[in-house]
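K.L.:
my questions concern the predicted model and sequence given below.
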Amino acid sequence: MARGIERRKIFRDDEDYKRFLDFLEKFSLRHNVWIYAYALLPSHFHVLVGTPDANLSAFMHALKSSYVNYFNIRTHRAGRLFQDRFRAHVVEKETYLLELHRHVHLNPVRAGLVKRPEKWKWSSYAEFICPRSREHGSAEGREGNLQKQETWKGDRQPLLNI
């Protein structure tokens, strides 16, 4: 999870959300990071990932710094956008993984942005329940790194909730 400074918005419109997802796809492929779930909210984002190469910090640095550069240029600002580095938790049990999927996908509901998780187009919920159902673009290219929950096995590298 990463939050905007002073809980300010880090996504101002659809173009910002789309650009962030482009960066998420690009750097997950470049760093061999599996995206299990995500939710982008106006002031923060959650990403549930698997890191078989144990390179979470490099992935997050590339993702966040690229987005900050884009955002700062687009909004004619300078400086930091995110409050902290990022928060991560190691996930070693499948039951905790399922709990985190629920947490990530229900975050827009709990924030009062929508009444049902499938109504929030900036999360992986639609892809999770029906692959290739995204309104903002095809799942082509992301399907290799967007992993469904049932593919997780306890013998893999631990997952991380960001």
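P.N.:
Looks like it came in fine.

K.L.:
can you give me the buried ones in the helix or strand harbouring Ala37?
P.N.:
Using DSSP states H and E, Ala37 maps to strand 34-41. For strand 34-41, a neighbour-count test (16 or more other C-beta atoms under 10 Å) marks Trp34, Ile35, Tyr36, Ala37, Tyr38, Ala39, Leu40, Leu41 as buried. In this view, the C-beta of every residue, glycine as well, is placed from N, C-alpha and C.

K.L.:
kindly export the following helix or strand past it (C-alpha atoms) in PDB.
P.N.:
Per DSSP H and E, the first helix or strand lying C-terminal to strand 34-41 is strand 44-50. Once non-C-alpha atoms are left out, strand 44-50 reads as follows in PDB (Å, rounded to 0.1, in the frame of the first residue of the first chain):
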ATOM      1  CA  HIS A  44      -3.700   5.600  -2.400                       C
ATOM      2  CA  PHE A  45      -3.300   2.200  -4.000                       C
ATOM      3  CA  HIS A  46      -3.100  -1.500  -2.800                       C
ATOM      4  CA  VAL A  47      -1.300  -4.200  -4.800                       C
ATOM      5  CA  LEU A  48      -1.100  -7.900  -3.800                       C
ATOM      6  CA  VAL A  49       2.000  -9.300  -5.500                       C
ATOM      7  CA  GLY A  50       4.300 -12.300  -5.700                       C
END
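
K.L.:
give me the pLDDT value at Arg85.
P.N.:
If you check Arg85, the pLDDT there is 70.

K.L.:
for it, phi and psi?
P.N.:
As for Arg85, its main-chain torsions (degrees, to the nearest 10) stand at phi -60, psi -70.

K.L.:
show me what the helix ranked longest in the chain packs onto, helices and strands only.
P.N.:
The longest helix of the chain (DSSP state H) is helix 56-75. On a contact count with 3 or more C-beta pairs under 8 Å, 6 or more residues apart in numbering; DSSP states H and E, helix 56-75 meets helix 14-30.

K.L.:
give me the mean pLDDT for the helix it packs on.
P.N.:
Helix 14-30 shows a mean pLDDT of 96.

K.L.:
buried ones in it?
P.N.:
Those would be Asp16, Tyr17, Arg19, Phe20, Leu21, Phe23, Leu24, Glu25, Phe27, Ser28, for helix 14-30 by 16+ other C-beta under 10 Å.

K.L.:
ok, these vs Thr75, which is closest?
P.N.:
Asp16 (9.2 Å; C-beta to C-beta).
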